[in-house]
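Chemist: Fold the following.
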Amino acid sequence: MALIGRYNSLQVVKHTDFGLYLDGGADGEILLPNRYIPKDTPSEVEDWLNVFVYLDSEDKLLATTEKPKVQVGEFASLKVKEINSIGVFLDWGLPKDLLLPYSEEKRQLKQGDYCVVHVYLDKRTRRITATARLDRYLDKVAANYSLGQEVKLLVVEESDLGFKAVINNQHWGLIHKNEVFKFLRSGKQEIGYIKALRDDGKIALSLQPVGAQAADSLNEKILGKLRDNQGSLPVSDKSEPQVIADLFGVSKGNFKKAIGALYKNGQIVIHADRIELS
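Modeler: The predicted structure is shown next:
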């Protein structure tokens, strides 16, 4: 049986004038229309193709080599393309738009809005469906992260404490306000790091590496940039946070700690408008 809403490796069983038929197991033969067959794709009978399987406008299984923006079981920020009496339709990169039923909205949307959703397969209709009610799909398994571990983040919304984010398509996490040193918005994808695993199960996140190893890495990065720029950089502890973030990808606080340590070690000199190698 083919996995609807996911990539599948399926075998070619038949050629026709309008496309290839692939073996969908218990689902029967699945059409891959000619328009989705790249010219350099092997298409002989018994060849295997990697395709995405979904339902067309008549709820028939269809295969495509086009790449959707999200698969079943994943989270993504998608743009509202159309709203009608049936529900909200989202652009997910395929000809048939993705349905977000009104019952699955978390806030009222309008055309052109972006919304972070989870994509699931409706058990009754087998239709690929989106929901903005994310809680029921997160934190279902125990968090098994280590402090400092690098993770993939999808920023969902801002709260009084900071920004809530989805970690590795599995868990909620929070980027506290004091960890936000660059522009964030709902739908933005970031690389983050596990900062703390609390006893209540909540996970604190950082947008920059944490721990002693991270400090050593930043020190070397600063020294490397200084060597590459004739021993001087137009940045100091008085520089704007965004200037520091653009140069080194870290917060102003961590940058100040790093140059302070380098200064104490006699490796650099700090001026009001620049730092220099000693």
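Chemist: pLDDT score assigned to residue 195?
Modeler: What the model reports as pLDDT for residue 195 is 94.
Chemist: Identify the residues contacting it.
Modeler: In this structure, residue 195 makes contact with 147, 179, 204-206, 210, judged by Cβ atoms under 8 Å, 6 or more residues apart in numbering. C-betas here are computed from N, CA, C, even on glycine.
Chemist: Dump these into JSON lines; add distance to residue 107, secondary structure and neighbour count as well.
Modeler: JSON lines is the format used below for the contacts of residue 195 (distance: Cβ to Cβ, whole Å; DSSP: H, G, I helix; E, B strand; the rest coil; neighbours: other Cβ atoms under 10 Å):
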{"residue": "147", "distance to residue 107": "34", "secondary structure": "coil", "neighbour count": "12"}
{"residue": "179", "distance to residue 107": "26", "secondary structure": "helix", "neighbour count": "20"}
{"residue": "204", "distance to residue 107": "26", "secondary structure": "strand", "neighbour count": "19"}
{"residue": "205", "distance to residue 107": "24", "secondary structure": "strand", "neighbour count": "24"}
{"residue": "206", "distance to residue 107": "28", "secondary structure": "strand", "neighbour count": "24"}
{"residue": "210", "distance to residue 107": "33", "secondary structure": "coil", "neighbour count": "19"}
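Chemist: biggest separation within those, which pair?
Modeler: In those, two members sit farther apart than any others by Cβ to Cβ. They are 147 and 179, at 14.5 Å.
Chemist: all helices for the stretch 51-200 of the chain, in order.
Modeler: Per DSSP state H, counting those that start in this stretch, the stretch 51-200 of the chain carries no helices over any range.
Chemist: Just the strands from it, written as ranges.
Modeler: Residue ranges of the strands in the stretch 51-200 of the chain, as given by DSSP state E, counting those that start in this stretch, are 61-64, 75-83, 87-91, 98-101, 114-121, 128-131, 150-158, 162-167, 171-176, 189-197.
Chemist: Nearest to residue 27 among those would be which one?
Modeler: The stretch from those with the least distance to residue 27 (Cβ to Cβ) is strand 61-64; that distance is 5.8 Å.
Chemist: Mean confidence (pLDDT) on that closest one, please.
Modeler: The average pLDDT for strand 61-64 rounds to 95.
Chemist: on contacts alone, who are the packing partners of it?
Modeler: strand 29-33, strand 48-55 (3 or more Cβ pairs under 8 Å, 6 or more residues apart in numbering; DSSP states H and E).
Chemist: CSV for these, including mean neighbour count and mean pLDDT?
Modeler: Rendered in CSV, the data for those read as follows (neighbours: other Cβ atoms under 10 Å; pLDDT from 0 to 100):
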stretch, mean neighbour count, mean pLDDT
strand 29-33, 19, 95
strand 48-55, 19, 94
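Chemist: got these as JSON lines, with distance to residue 232 columns?
Modeler: JSON lines is the format used below for the helices and strands packed on strand 61-64 (distance: least, Cβ to Cβ, whole Å):
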{"stretch": "strand 29-33", "distance to residue 232": "59"}
{"stretch": "strand 48-55", "distance to residue 232": "51"}
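Chemist: Done for today, thanks.
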